[in-house]
Every structure is written in structure tokens, then in C-alpha cells.
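[1] I'd like to go over a predicted model; first the sequence, then the structure.
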Amino acid sequence: MREFLSILLEREGYAPETAQNGEAAIELLAAKNYDLVISDVNMPGLDGIGLLEVIKRNSPDTTVMMITAYSTTEQAVEAMKHGAYNYISKPFKVDEIKLLIRNAIEKQRLIRENTLLRTQAEAKNSFSGLIGKSRKMLSLYEMIEKVSVSSATVLISGESGTGKELVAKAIHFNSDRRDKPFVAVNCGAIPENLMESELFGHVKGSFTGAVSDRPGLFEQANGGTLFLDEIGEVPLLLQSKLLRVIQEREVRRVGGGETKKVDVRIVTATNRDLEAQVSEGGFREDLFYRLNVVELTLPPLRERPEDIQLLAEHFFLKHTGRSAFPSVFTTDALEFLWGYQFPGNVRELENIVERAVALGAREISVDLLPQQVLRFNKNHERIEQLEIPPSGIDLEGYLAGIEKKFLLKALEKSGGVRKKAAELLGMTFRSFRYKLSKYGMGEE
């Protein structure tokens, strides 16, 4: 039977390879990928169902057809349950097997085309690891391309989870420094008493535990890019030293007397409102202007809902190794997510997809969404019941009216303290101030 099928397939223009048992088949499958596997069910050693399980675990896109002379309904159900494309009983007609093989190969061709199209679409809708096709993201890509060719310091602002480090990497890898080090550090994660040593290095014996000379992050990034995340966490005393290094382009290690020249591009990021921090005396004004030569603002996910499905498909592929087909989310689940505020932004969306994948989901429906999304959407049904009058509706004016009411309510609840009012609405102080200005609500 194996020889017969091999000759038949060669005459049909295919390139078959044969294995005399399940173990030999696994060796072939480990060496290369196959579009189609045709296997007997009853074999000595590893039987067909066992082989099917191995194939689907290691190469889920490979199509598997099962053949047997001892057909039973239970066996057929088990084979299909484990992912078999078809189940054929011996004896079979040659035309029947040829048609099934043709259909199986066509299925593989469609899968490959679909994967290629998705890869091309992702490439078209992404930029150096950033994913999105919304107007705001396309504008961001354009800005990154422009600033990458210079050595100007860049301040990246945006909420937590929006991908500020990805933007910093995009700047670095699109610049002429791409072959030099990219060094990233979260300033908020370094203890205050060790921050100076981490940034500038130290010499042996300069403090307890300094058992040898150690270069700081500026020296490690020499020739490349130093990314200082959460720059607002740097204490005031160290800000003056940081300013001097940026201006003079030289560092002095803690406990050392010599200075060393460094050629480093500085990219910083924050989820704070640094201007407000400057006003409150928590951040040096001269350092702020030195860092803020070019500012890039990452939009929160709630302001680019059209990117949710695109990002979800990327994360689904990342956590499963396979493309989502035809979609990651059901229509109902997408509607819930479009109405959700995403305080954790892109990072939170990845957690939602990863959680569903861990639960074995191939498609994410409403019942697989986390509770915080469902709780937020308690008003979903009420929105569904809204009616558009025959004369139509001014949607922008209607939504602007609602937004103004929320701004006023937040100000009332916070006793007029704008920073607290912004927190109540889950907004940055800068965004809140912009909204007030937009609606002419100003200082009063």
C-alpha cells in the first residue's frame, strides 16, 4: 500500500517520502516540514493516533489523513478529535484518494497564502516592532523616521503599557548608531543610593561593596543609545549631575578623579507629566528642556481602537506560534473591547490574549474576557438600546457634551483640584488640561 501510494503520488506530480512505521515517520518530520501526512491507523509500535498527536503538537498546520482496514465509528471520532483532516476506510477508490489528496494540498496552499498575507499586512501596519495602522500610529512612525537621523535627545511620553521602550528601540535601530549598544534602564527600579553608581560607574573602594572598578551605563552605551525609562523618578540631587553629563558629554565615576568622554544619544521616557513636576519643584527645569528637544507622545490604546484586532493577532501568533484564523475575537468580544478604557494599554491586551490562549481558546469570546472588562461594560446593553432619531444626530456634539459633563463632575468631586480630577477620569494631567482648554473651560 505504501509503495502503491508513493507511485500514485509521483504520477500526480507530488514528491512523496515514505516511512515504514510511526517512529521512522517522526524522524522524517523532525528534519523538515510536510504539507500532508497519510498514515495507517494500526501499526506496530507507535500507532496512527499516537503519531497524529505528535504531528499536531509539533506541526499543527500539517494536514493528516488516516487510513485503516479496521474502521469503527469510535476510531474515526477519535482521529477527527485529535485533528485528522480525513479518515478513509480500505479498500478505497483511486479517484477518491486522489481527490482527497488534492483537496488537502489545496487547503495547505490556502493556509500558506493566508499566513503570507497576514505577514505582509503586519509588515505594512507595523514599524520596527511597533504595530498599528491608526492615524495616530502612522504619524508616530513618521516622527520616528525623522528623529532617527539626528542625535537630538528625545522624550517619549505616554501611559504605562503603551510601548515606550519599543519606540526607543525603533529610534536606535533606524539610526546610524544601530550597530552600537542599546542600553535600557528603568530609573524607578534602581535604589536611590545606587543610582549614581549605576549611571556613571564607580572605582574600587569608593564605597562598601565596591570591590572593583565598574563602568556605568553611560560608558556601556558609548557610541550607541542610552534609554532612561521613568526619568521622572531620578532624585533632584542626581538630576544636576545628569544634566552636566548630557551637556559636557563626559562622566566621572563615583570615587574617581578622572573624566571620560562619552558619545551617547539620550532617549528618555515617562508616564508622568514632567511639566507639572517642574511647576511643583520636583524636576529641574533646565534638565527638562535639555531632555525635551523632541517629544514623542504615544497614544493610549483607547484612542486607537482600530488597532486592537491587529495587536491581538500579533499576540496570538506570539503565544501560540500560529496565525489566528479567521479572527482572534468574536464580534461581541470585540465590541466589548472597543468600549473598554484599557488602563494597562497594549500590555493589558497582551495579557487578555495570553490568558485565553492558556485556557486553550482558539477564538476569544465574551465569556473568556477578564472580569475588569465585563464590569466596565455593564452599560453595554444600555448603549445598544439607544435610538437614532429620524432627523439624525450630531454625534461629535453629543459626545462632547457628555465629555464636558464628566470633566465638570470630576472637578466638583475633587474640589477643583485638576490633578486629582484627572486621576478620577484615568487621564494624564496634560490630557485633562488640554480637554479643559478645548472646551473653553480654562482656569475658571
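    Yes, it's here.
[2] who touches stretch 162-181?
    With contacts defined as CB atoms under 8 Å, 6 or more residues apart in numbering, stretch 162-181 is touched by 127-130, 140, 144-145, 147-149, 154, 156, 158, 182, 184, 220-225, 227, 229, 265, 267, 269, 271, 296, 298-301, 345-346. Yep, even glycine has a C-beta here, placed from its N, CA and C like the rest.
[3] one more time with 6 Å
    With CB atoms under 6 Å, 6 or more residues apart in numbering as the contact definition, stretch 162-181 has outside contacts at 128-130, 144, 148, 156, 158, 182, 221, 223-225, 227, 267, 269, 298, 345-346.
[4] inside strands: which ones of these?
    L130, I156, F182, T225, F227, V267, A269 (DSSP state E).
[5] those residues into CSV, with extra columns for neighbour count, pLDDT and distance to L52?
    Shown next, in CSV, are the ones in strands among the contacts of stretch 162-181 (neighbours: other CB atoms under 10 Å; pLDDT from 0 to 100; distance: CB to CB, whole Å):
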residue, neighbour count, pLDDT, distance to L52
L130, 18, 89, 40
I156, 27, 97, 49
F182, 20, 94, 45
T225, 24, 95, 49
F227, 27, 96, 48
V267, 29, 97, 51
A269, 26, 96, 49
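[6] pick out the most distant pair among those residues.
    L130 and T225 (16.3 Å; CB to CB).
[7] residues contacting M43?
    N21, G22.
[8] thinking again about what came up before, need the ones in strands among the contacts of stretch 162-181 in a markdown table (columns: distance to R355).
    Formatted as a markdown table, those follow (distance: CB to CB, whole Å):
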| residue | distance to R355 |
| --- | --- |
| L130 | 23 |
| I156 | 28 |
| F182 | 30 |
| T225 | 34 |
| F227 | 29 |
| V267 | 32 |
| A269 | 27 |
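[9] wait, which of these is closest to M441?
    Distances from M441 to these, taken by CB to CB, are shortest for I156, at 28.6 Å.
[10] need the contact list for the closest residue in space to the closest one that isn't next to it in sequence.
    Counting by CB to CB, 6 or more residues apart in numbering, I156 lies nearest to A269, which is 4.1 Å off, once chain neighbours are set aside. Residues in contact with A269 (CB under 6 Å, 6+ apart) are I156, K164, D229.
[11] wait, the first one touches E295, no?
    No. Judged on CB atoms under 6 Å, I156 makes no contact with E295 at a distance of 7.8 Å.
[12] identify the contacts common to the two.
    What both I156 and E295 touch, as defined by CB under 6 Å, 6+ apart, is an empty set.
[13] and the lowest mean pLDDT element among the helices and strands of the protein?
    None of the helices or strands of the chain scores lower by mean pLDDT, DSSP states H and E than helix 380-384, at a mean of 46.
[14] can I get the following helix or strand past that helix as PDB, trimmed to CA atoms?
    Sequence order places helix 395-413 as the next helix or strand after helix 380-384, per DSSP states H and E. Extracted C-alpha coordinates of helix 395-413, given in PDB (Å, rounded to 0.1, in the frame of the first residue of the first chain):
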ATOM      1  CA  LEU A 395     -22.600  62.600  17.300                       C
ATOM      2  CA  GLU A 396     -19.500  64.700  17.800                       C
ATOM      3  CA  GLY A 397     -21.600  67.400  19.600                       C
ATOM      4  CA  TYR A 398     -23.400  64.700  21.600                       C
ATOM      5  CA  LEU A 399     -20.200  63.000  22.800                       C
ATOM      6  CA  ALA A 400     -18.500  66.400  23.500                       C
ATOM      7  CA  GLY A 401     -21.500  67.300  25.800                       C
ATOM      8  CA  ILE A 402     -21.000  64.000  27.700                       C
ATOM      9  CA  GLU A 403     -17.300  64.600  28.000                       C
ATOM     10  CA  LYS A 404     -17.800  68.200  29.300                       C
ATOM     11  CA  LYS A 405     -20.200  66.800  31.900                       C
ATOM     12  CA  PHE A 406     -17.600  64.300  33.100                       C
ATOM     13  CA  LEU A 407     -14.900  67.000  33.300                       C
ATOM     14  CA  LEU A 408     -17.200  69.200  35.500                       C
ATOM     15  CA  LYS A 409     -18.300  66.200  37.700                       C
ATOM     16  CA  ALA A 410     -14.600  65.300  38.300                       C
ATOM     17  CA  LEU A 411     -13.700  68.900  39.200                       C
ATOM     18  CA  GLU A 412     -16.700  69.000  41.600                       C
ATOM     19  CA  LYS A 413     -15.700  65.700  43.200                       C
END
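[15] ok, residues contacting helix 395-413?
    Residues from elsewhere that reach helix 395-413 (CB under 6 Å, 6+ apart): A421, L424, L425, K435, Y439.
[16] what's the distance between the first one and E275?
    Distance of A421 to E275, computed by CB to CB, to the nearest Å: 17 Å.
[17] more neighbours: those two, which one.
    Neighbour totals were compared for A421 and E275, and A421 leads with 23 against 16 (other CB atoms under 10 Å).
[18] so the more buried one makes contact with T428?
    No. The pair A421 / T428 is not scored as a contact, 11.9 Å apart, by CB under 6 Å.
[19] which residues in the stretch 201-350 of the chain form helices?
    Using DSSP state H, counting those that start in this stretch, the helices found in the stretch 201-350 of the chain span residues 217-220, 236-248, 274-279, 285-291, 308-320, 331-338, 345-358.
[20] packing partners for the shortest one?
    Applying 3 or more CB pairs under 6 Å, 6 or more residues apart in numbering; DSSP states H and E, one finds that helix 217-220 contacts strand 182-186.
[21] can you give the contact residues for the strand it packs on?
    Against strand 182-186 from outside (CB under 6 Å, 6+ apart): H172, L217, Q220, A221, G224, T225, L226, F227, D229, E230.
[22] flag every buried residue along it.
    F182, V183, A184, V185 (16 or more other CB atoms under 10 Å).
[23] next: stretch 363-371.
    For stretch 363-371, a neighbour-count test (16+ other CB under 10 Å) marks I364, V366, L368, L369 as buried.
[24] okay, and the beta partners of the first one?
    In this case it means I364. Beta bridges link I364 to F329 when assigned by DSSP bridges.
[25] wouldn't it be in contact with A356 here?
    Yes. Under the criterion of CB under 6 Å, I364 makes contact with A356 at 4.5 Å.
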